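Chemist: Quick one, fold the following:
(one chain, ligands or ions: 2)
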Amino acid sequence: MNKPGSYTWIVVPTLNEAGNIRLLLEGIRQALPDLRYHVCIVDDGSKDDTVDIVRNFIRTASADNVSIIQRKKTHLGSQRGVAVWTGLQYGFRHSECDIFVEMDADLSHRPEELRIGIETIFRLGYNVAIASKYLIGSRVVNRPFGRRLLSRVANTTVRSLVSRKVRDYSNGYRFYDRECVSMICAHRLRYGSPIYLTEGLALLMAHRMRIYEFPTTYIGRGEGLSKLRLMDLAKAGIAVFDIAARFHFHSLGFVRGTPAFSQVQISQVEPAVQPQTHSK
Ligand SMILES: Nc1nc2c(ncn2[C@@H]2O[C@H](COP(=O)(O)OP(=O)(O)OP(=O)(O)O)[C@@H](O)[C@H]2O)c(=O)[nH]1
Ligand SMILES: [Mg+2]
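Modeler: Ligands and ions are numbered 1, 2, ... in the order given. Next up, the predicted model:
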(Lines give C-alpha, C1' and ligand atoms only; values in the text may rest on other atoms or scores of the structure.)
(Ligands and ions follow the chains in the order given, each with its own letter.)
Protein backbone atom coordinates (compact mmCIF):
# COMPACT_ATOMS: atom_id res chain seq x y z
CA MET A 1 0.00 0.00 0.00
CA ASN A 2 3.00 2.28 0.17
CA LYS A 3 1.92 4.44 -2.75
CA PRO A 4 4.34 7.23 -3.59
CA GLY A 5 3.52 10.09 -1.28
CA SER A 6 2.14 8.07 1.62
CA TYR A 7 3.66 9.61 4.70
CA THR A 8 1.96 9.55 8.09
CA TRP A 9 2.31 11.91 11.06
CA ILE A 10 1.26 10.22 14.33
CA VAL A 11 0.55 12.51 17.30
CA VAL A 12 0.65 10.93 20.76
CA PRO A 13 -0.23 13.16 23.76
CA THR A 14 1.46 12.06 26.98
CA LEU A 15 1.18 12.86 30.64
CA ASN A 16 2.88 10.41 33.00
CA GLU A 17 2.84 7.40 30.69
CA ALA A 18 6.18 5.87 31.71
CA GLY A 19 4.63 2.42 32.01
CA ASN A 20 3.24 2.50 28.48
CA ILE A 21 5.18 4.71 26.11
CA ARG A 22 8.02 2.39 25.13
CA LEU A 23 5.60 -0.46 24.43
CA LEU A 24 3.57 1.88 22.26
CA LEU A 25 6.60 3.06 20.27
CA GLU A 26 7.70 -0.54 19.74
CA GLY A 27 4.15 -1.52 18.77
CA ILE A 28 3.97 1.24 16.14
CA ARG A 29 7.33 0.20 14.72
CA GLN A 30 6.19 -3.41 14.46
CA ALA A 31 2.87 -2.47 12.92
CA LEU A 32 4.30 -0.26 10.18
CA PRO A 33 7.62 -1.77 9.08
CA ASP A 34 7.12 -0.77 5.45
CA LEU A 35 5.49 2.65 5.80
CA ARG A 36 6.94 6.12 6.10
CA TYR A 37 5.77 7.73 9.31
CA HIS A 38 6.83 10.11 12.05
CA VAL A 39 5.74 9.82 15.70
CA CYS A 40 5.34 13.16 17.45
CA ILE A 41 5.00 12.81 21.22
CA VAL A 42 3.52 15.89 22.88
CA ASP A 43 4.32 15.89 26.59
CA ASP A 44 2.91 18.35 29.11
CA GLY A 45 5.46 18.06 31.86
CA SER A 46 5.28 14.43 32.93
CA LYS A 47 6.61 13.96 36.43
CA ASP A 48 7.61 10.36 35.81
CA ASP A 49 10.20 8.99 33.34
CA THR A 50 8.09 9.41 30.20
CA VAL A 51 10.38 11.98 28.57
CA ASP A 52 13.58 10.09 29.42
CA ILE A 53 12.12 6.87 28.06
CA VAL A 54 11.24 8.58 24.78
CA ARG A 55 14.70 10.17 24.53
CA ASN A 56 16.26 6.83 25.28
CA PHE A 57 14.15 5.14 22.61
CA ILE A 58 15.19 7.75 20.05
CA ARG A 59 18.85 7.12 20.89
CA THR A 60 19.02 3.38 21.43
CA ALA A 61 16.53 2.30 18.80
CA SER A 62 17.95 4.76 16.24
CA ALA A 63 14.47 6.14 15.87
CA ASP A 64 15.05 9.23 13.77
CA ASN A 65 11.34 9.18 12.98
CA VAL A 66 10.34 9.95 16.58
CA SER A 67 10.42 13.37 18.19
CA ILE A 68 9.11 14.91 21.37
CA ILE A 69 7.53 18.30 21.91
CA GLN A 70 7.67 19.40 25.53
CA ARG A 71 5.00 21.90 26.47
CA LYS A 72 4.40 23.85 29.61
CA LYS A 73 0.94 22.96 30.89
CA THR A 74 -1.00 26.12 31.60
CA HIS A 75 -4.41 24.77 32.63
CA LEU A 76 -5.66 22.33 35.20
CA GLY A 77 -7.44 19.23 33.95
CA SER A 78 -6.70 17.22 30.85
CA GLN A 79 -5.21 19.27 28.03
CA ARG A 80 -5.25 16.40 25.58
CA GLY A 81 -6.95 18.57 22.96
CA VAL A 82 -4.36 21.36 22.93
CA ALA A 83 -1.58 18.81 23.00
CA VAL A 84 -2.97 17.07 19.91
CA TRP A 85 -3.61 20.40 18.18
CA THR A 86 0.03 21.39 18.85
CA GLY A 87 1.29 18.12 17.36
CA LEU A 88 -0.95 18.39 14.29
CA GLN A 89 0.00 22.02 13.74
CA TYR A 90 3.70 21.17 14.06
CA GLY A 91 3.43 18.28 11.61
CA PHE A 92 1.43 20.37 9.17
CA ARG A 93 4.09 23.08 9.16
CA HIS A 94 7.22 20.97 9.30
CA SER A 95 6.42 17.96 7.14
CA GLU A 96 4.63 17.13 3.95
CA CYS A 97 2.70 14.29 5.54
CA ASP A 98 -0.57 13.50 3.84
CA ILE A 99 -2.10 11.45 6.65
CA PHE A 100 -2.29 12.51 10.29
CA VAL A 101 -3.19 10.30 13.24
CA GLU A 102 -3.99 10.98 16.87
CA MET A 103 -3.80 8.15 19.37
CA ASP A 104 -3.47 7.76 23.13
CA ALA A 105 -0.30 6.61 24.84
CA ASP A 106 -1.98 4.30 27.36
CA LEU A 107 -2.21 1.32 24.95
CA SER A 108 -5.98 1.70 24.63
CA HIS A 109 -5.51 2.21 20.90
CA ARG A 110 -3.91 -0.79 19.21
CA PRO A 111 -1.09 -0.01 16.76
CA GLU A 112 -2.26 -3.04 14.74
CA GLU A 113 -5.21 -0.91 13.61
CA LEU A 114 -3.06 1.94 12.26
CA ARG A 115 -2.95 0.36 8.85
CA ILE A 116 -6.76 0.16 8.61
CA GLY A 117 -7.12 3.89 9.27
CA ILE A 118 -4.27 4.81 6.94
CA GLU A 119 -5.73 2.67 4.13
CA THR A 120 -9.17 4.17 4.66
CA ILE A 121 -7.82 7.62 3.92
CA PHE A 122 -5.27 6.65 1.35
CA ARG A 123 -7.06 4.03 -0.71
CA LEU A 124 -10.74 4.76 -0.11
CA GLY A 125 -10.36 8.52 -0.23
CA TYR A 126 -12.17 9.43 2.98
CA ASN A 127 -11.12 12.63 4.74
CA VAL A 128 -11.48 11.22 8.26
CA ALA A 129 -11.36 7.71 9.69
CA ILE A 130 -12.44 6.96 13.25
CA ALA A 131 -11.71 3.81 15.22
CA SER A 132 -15.20 3.40 16.64
CA LYS A 133 -16.20 1.61 19.83
CA TYR A 134 -19.84 1.49 18.76
CA LEU A 135 -20.08 -0.60 15.60
CA ILE A 136 -20.89 -4.24 15.04
CA GLY A 137 -17.56 -5.97 15.51
CA SER A 138 -16.19 -3.38 17.96
CA ARG A 139 -14.99 -4.52 21.38
CA VAL A 140 -14.25 -2.75 24.63
CA VAL A 141 -12.16 -4.80 27.03
CA ASN A 142 -10.73 -4.18 30.49
CA ARG A 143 -12.82 -1.05 31.05
CA PRO A 144 -14.91 -0.79 34.22
CA PHE A 145 -18.69 -0.81 33.74
CA GLY A 146 -19.06 2.73 35.14
CA ARG A 147 -16.55 4.14 32.65
CA ARG A 148 -18.23 2.33 29.75
CA LEU A 149 -21.63 3.60 30.81
CA LEU A 150 -20.35 7.17 31.09
CA SER A 151 -18.86 6.99 27.61
CA ARG A 152 -22.12 5.56 26.18
CA VAL A 153 -24.27 8.23 27.79
CA ALA A 154 -21.92 11.01 26.70
CA ASN A 155 -21.89 9.70 23.12
CA THR A 156 -25.65 9.33 22.94
CA THR A 157 -26.05 12.90 24.18
CA VAL A 158 -23.57 14.28 21.67
CA ARG A 159 -25.18 12.28 18.85
CA SER A 160 -28.62 13.61 19.61
CA LEU A 161 -27.40 17.21 19.98
CA VAL A 162 -24.85 17.41 17.17
CA SER A 163 -25.36 14.72 14.51
CA ARG A 164 -26.27 11.04 14.28
CA LYS A 165 -23.87 10.56 11.38
CA VAL A 166 -21.04 9.65 13.74
CA ARG A 167 -21.29 6.76 16.21
CA ASP A 168 -18.23 7.48 18.36
CA TYR A 169 -17.34 11.07 19.17
CA SER A 170 -15.09 10.35 22.11
CA ASN A 171 -12.47 7.91 20.90
CA GLY A 172 -9.28 9.84 20.17
CA TYR A 173 -8.01 7.25 17.71
CA ARG A 174 -8.51 9.15 14.49
CA PHE A 175 -7.01 9.61 11.06
CA TYR A 176 -7.21 12.78 8.99
CA ASP A 177 -6.10 13.81 5.55
CA ARG A 178 -4.08 16.98 5.07
CA GLU A 179 -7.11 19.04 4.10
CA CYS A 180 -8.76 18.29 7.46
CA VAL A 181 -5.65 19.22 9.40
CA SER A 182 -5.31 22.47 7.50
CA MET A 183 -8.95 23.20 8.43
CA ILE A 184 -8.42 22.32 12.10
CA CYS A 185 -5.32 24.53 12.27
CA ALA A 186 -7.04 27.46 10.54
CA HIS A 187 -10.10 27.72 12.79
CA ARG A 188 -10.73 29.40 16.07
CA LEU A 189 -11.35 26.29 18.14
CA ARG A 190 -12.44 26.97 21.70
CA TYR A 191 -11.67 23.83 23.64
CA GLY A 192 -8.33 22.34 24.62
CA SER A 193 -9.78 19.66 26.88
CA PRO A 194 -10.95 16.26 25.56
CA ILE A 195 -14.26 17.77 24.28
CA TYR A 196 -12.01 19.09 21.53
CA LEU A 197 -12.68 15.73 19.88
CA THR A 198 -16.33 16.72 19.42
CA GLU A 199 -15.56 20.28 18.42
CA GLY A 200 -13.02 19.19 15.80
CA LEU A 201 -15.42 16.67 14.29
CA ALA A 202 -18.28 19.17 14.23
CA LEU A 203 -16.02 21.57 12.34
CA LEU A 204 -15.14 18.88 9.80
CA MET A 205 -18.77 17.79 9.40
CA ALA A 206 -19.82 21.41 8.90
CA HIS A 207 -17.35 21.46 5.98
CA ARG A 208 -18.81 18.22 4.61
CA MET A 209 -15.67 16.16 5.09
CA ARG A 210 -16.24 12.46 4.37
CA ILE A 211 -16.05 10.38 7.54
CA TYR A 212 -15.68 6.63 7.84
CA GLU A 213 -15.84 4.61 11.06
CA PHE A 214 -14.31 1.17 11.43
CA PRO A 215 -14.72 -1.27 14.32
CA THR A 216 -11.97 -1.12 16.91
CA THR A 217 -10.90 -3.14 19.92
CA TYR A 218 -10.50 -0.59 22.70
CA ILE A 219 -8.42 -1.78 25.64
CA GLY A 220 -9.01 -0.06 28.97
CA ARG A 221 -5.92 1.55 30.47
CA GLY A 222 -3.59 -0.95 32.17
CA GLU A 223 -0.65 1.06 33.52
CA GLY A 224 -0.85 4.54 34.99
CA LEU A 225 -3.71 6.72 36.09
CA SER A 226 -6.51 8.36 34.15
CA LYS A 227 -6.02 12.10 33.67
CA LEU A 228 -9.71 12.68 33.23
CA ARG A 229 -11.12 14.79 36.05
CA LEU A 230 -14.68 15.55 37.15
CA MET A 231 -13.96 19.11 36.07
CA ASP A 232 -13.30 17.92 32.49
CA LEU A 233 -16.67 16.16 32.43
CA ALA A 234 -18.50 19.17 33.83
CA LYS A 235 -16.88 21.48 31.26
CA ALA A 236 -17.68 19.03 28.47
CA GLY A 237 -21.33 18.93 29.54
CA ILE A 238 -21.61 22.68 28.96
CA ALA A 239 -19.36 22.80 25.89
CA VAL A 240 -21.45 20.29 23.98
CA PHE A 241 -24.41 22.72 23.85
CA ASP A 242 -22.14 25.45 22.53
CA ILE A 243 -20.69 23.12 19.89
CA ALA A 244 -24.14 21.88 18.84
CA ALA A 245 -25.41 25.47 18.50
CA ARG A 246 -22.43 26.45 16.38
CA PHE A 247 -22.88 23.35 14.23
CA HIS A 248 -26.61 23.86 13.58
CA PHE A 249 -26.77 27.65 13.37
CA HIS A 250 -24.21 28.68 10.83
CA SER A 251 -24.26 32.27 11.98
CA LEU A 252 -22.71 31.08 15.27
CA GLY A 253 -20.49 28.62 13.42
CA PHE A 254 -16.81 28.02 13.11
CA VAL A 255 -14.81 31.11 12.33
CA ARG A 256 -11.37 31.24 10.89
CA GLY A 257 -8.57 32.56 13.06
CA THR A 258 -6.21 31.39 15.74
CA PRO A 259 -7.74 29.24 18.45
CA ALA A 260 -8.20 30.61 21.95
CA PHE A 261 -5.38 28.33 23.08
CA SER A 262 -2.98 29.03 20.22
CA GLN A 263 -0.45 30.72 22.49
CA VAL A 264 0.72 27.31 23.62
CA GLN A 265 4.14 27.32 25.12
CA ILE A 266 6.48 24.89 23.46
CA SER A 267 9.51 24.69 25.69
CA GLN A 268 11.48 22.16 23.68
CA VAL A 269 11.30 20.07 20.56
CA GLU A 270 13.78 17.30 20.07
CA PRO A 271 15.21 16.12 17.89
CA ALA A 272 14.40 18.99 15.57
CA VAL A 273 12.06 17.63 12.91
CA GLN A 274 13.64 18.00 9.50
CA PRO A 275 11.17 19.10 6.87
CA GLN A 276 10.81 16.03 4.65
CA THR A 277 9.46 15.69 1.19
CA HIS A 278 7.66 12.88 -0.55
CA SER A 279 10.59 12.21 -2.81
CA LYS A 280 12.94 11.29 -0.01
N1 LIG B 1 0.06 16.19 26.66
C2 LIG B 1 -0.98 15.87 27.44
N3 LIG B 1 -1.48 14.63 27.35
C4 LIG B 1 -2.52 14.32 28.15
C5 LIG B 1 -3.08 15.23 29.09
N6 LIG B 1 -4.09 14.59 29.73
C7 LIG B 1 -4.14 13.35 29.21
N8 LIG B 1 -3.19 13.17 28.28
C9 LIG B 1 -2.90 11.98 27.45
O10 LIG B 1 -4.06 11.78 26.66
C11 LIG B 1 -4.32 10.38 26.52
C12 LIG B 1 -5.71 10.08 27.09
O13 LIG B 1 -5.74 10.34 28.49
P14 LIG B 1 -6.44 9.32 29.52
O15 LIG B 1 -6.07 9.74 30.90
O16 LIG B 1 -6.09 7.93 29.12
O17 LIG B 1 -7.95 9.64 29.29
P18 LIG B 1 -9.10 8.67 28.83
O19 LIG B 1 -8.55 7.69 27.82
O20 LIG B 1 -10.23 9.51 28.40
O21 LIG B 1 -9.48 7.96 30.20
P22 LIG B 1 -9.21 6.46 30.70
O23 LIG B 1 -10.46 5.72 30.42
O24 LIG B 1 -8.92 6.57 32.13
O25 LIG B 1 -8.04 5.90 29.93
C26 LIG B 1 -3.19 9.67 27.24
O27 LIG B 1 -2.17 9.37 26.32
C28 LIG B 1 -2.71 10.71 28.26
O29 LIG B 1 -1.36 10.54 28.62
C30 LIG B 1 -2.53 16.54 29.15
O31 LIG B 1 -2.96 17.42 29.91
N32 LIG B 1 -1.49 16.80 28.31
MG1 LIG C 1 -7.11 6.35 28.25
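
Chemist: What distance do you get for residue 215 to ligand 1?
Modeler: Distance, residue 215 to ligand 1, by C-beta to the nearest ligand atom, to the nearest Å: 18 Å. Yep, even glycine has a C-beta here, placed from its N, CA and C like the rest.

Chemist: isn't residue 63 right next to residue 25, touching?
Modeler: Yes. Contact criterion C-beta atoms under 8 Å: residue 63 and residue 25 qualify, at 7.1 Å.

Chemist: which residues do those two both contact?
Modeler: When contacts are counted by C-beta atoms under 8 Å, 6 or more residues apart in numbering, the set common to residue 63 and residue 25 consists of 39, 57.

Chemist: Name the residue in these two with the higher neighbour count.
Modeler: Using other C-beta atoms under 10 Å, the more surrounded residue of residue 63 and residue 25 is residue 25, with 22 against 18.

Chemist: Please list the residues of the stretch 151-280 of the chain that sit near ligand 2.
Modeler: Residues of the stretch 151-280 of the chain lying close to ligand 2 (C-beta under 5 Å from the ion) are residue 221.

Chemist: Which stretches in the stretch 151-280 of the chain count as strands?
Modeler: Assigned by DSSP state E, counting those that start in this stretch, the stretch 151-280 of the chain shows strands spanning 174-177, 211-215, 217-219, 266-270.

Chemist: now what about stretch 75-82, what contacts it?
Modeler: Contacts for stretch 75-82 (C-beta under 8 Å, 6+ apart): 13, 15, 44, 71, 73, 172, 189, 191-197, 199-200, 227-229, 231-232, 235, 261, 264.

Chemist: Buried by neighbour count: which residues of stretch 186-201 qualify?
Modeler: For stretch 186-201, burial by neighbour count (16 or more other C-beta atoms under 10 Å) applies to 187, 189-201.

Chemist: That should have said stretch 99-109, apologies.
Modeler: Buried residues in stretch 99-109, counted by 16+ other C-beta under 10 Å: 99, 100, 101, 102, 103, 104, 105, 106, 107, 108, 109.

Chemist: One more: stretch 83-102?
Modeler: For stretch 83-102, burial by neighbour count (16+ other C-beta under 10 Å) applies to 83-92, 94-102.

Chemist: ok, which of those residues also contact ligand 1?
Modeler: Of the residues in these, proximity to ligand 1 by C-beta under 6 Å from any ligand atom holds for residue 83.

Chemist: What about the buried residues of stretch 83-102, which are in helices?
Modeler: Mapping those onto helices (DSSP state H) picks out 83, 84, 85, 86, 87, 88, 89, 90, 91, 92, 94.

Chemist: so what's residue 219 up against?
Modeler: Contacts for residue 219 (C-beta under 8 Å, 6+ apart) come out as 107, 108, 110, 141, 142, 143.

Chemist: actually residue 39, not the one I wrote
Modeler: Taking C-beta under 8 Å, 6+ apart, we find residue 39 in contact with 10, 12, 25, 28, 63, 65, 66, 67.

Chemist: In this structure the first one contacts residue 104, no?
Modeler: So that's residue 10. No. Using C-beta under 8 Å as the test, residue 10 is too far from residue 104 to be in contact (11.5 Å).

Chemist: low-confidence ranges in the stretch 101-250 of the chain?
Modeler: The stretch 101-250 of the chain contains residues with pLDDT under 70 at 223-226, 228.

Chemist: got the residues of it near ligand 1?
Modeler: Selection of the stretch 101-250 of the chain residues close to ligand 1 by C-beta under 6 Å from any ligand atom yields 104, 105, 106, 108, 147, 194, 221, 226, 227, 228.

Chemist: Fine, thanks again, bye for now.
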